[in-house]
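Chemist: Just the structure for this:
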Amino acid sequence: MQRKIRDKIDKELFLHFKNNKQVLNDDLQGEWGKAIACVLNHFKDTLKYNLIIYRYALSQNEVQICMALNIEKTTLYNWINEILTVTLIFASIQGLVEYDFNKKELSLK
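Modeler: Here you go, the predicted model:
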């Protein structure tokens, strides 16, 4: 995944959870709400779901998350990348991502 797209998706997740206080509600608001609800449902009952909550909803730092989930930083980064990839897939299904064939790059709407 392109670093630029990865960072934009990461930012969208942070902004979404910052703007939506009831993060666990199935009726998430905004353009990204449906995609994020699908991501939450996809990872439901897993440690990656907890990672989403700790990182994006509670804004905990890496050390706090690693200690809470009892994982190493390498695992944390791998899981974050997986979460961002799954979010990209659901965002593209919702029409929030476009591919520019001329520039050969993805862009978020």
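
Chemist: before we move on, what SS does the spatially most distant residue from the centre of the chain have?
Modeler: Distance to the chain centre peaks in the chain at residue 102, reaching 27.3 Å (criterion: Cα atoms, centre = their mean). Following DSSP: H, G, I helix; E, B strand; the rest coil, residue 102 is assigned to coil.

Chemist: can you start the count at 600 instead of 1 from here on
Modeler: New numbering, starting at 600: the last item is residue 701.

Chemist: per-residue confidence for it?
Modeler: The predicted local distance difference test score for residue 701 is 84.

Chemist: any idea how far it lies from residue 642?
Modeler: With distances taken as Cβ to Cβ, to the nearest Å, residue 701 is found 35 Å from residue 642. Quick note: C-beta positions are derived from backbone N, CA and C, even for glycine.

Chemist: hmm, who's touching the longest helix along the chain?
Modeler: Longest helix in the chain by number of residues, with DSSP state H as the criterion: helix 672-692. With contact meaning Cβ atoms under 8 Å, 6 or more residues apart in numbering, helix 672-692 is reached by 600, 604-605, 608-609, 611-612, 631, 633-635, 637-638, 641-642, 646-647, 650-651, 654, 661, 664-665, 668, 670, 696, 705, 707.
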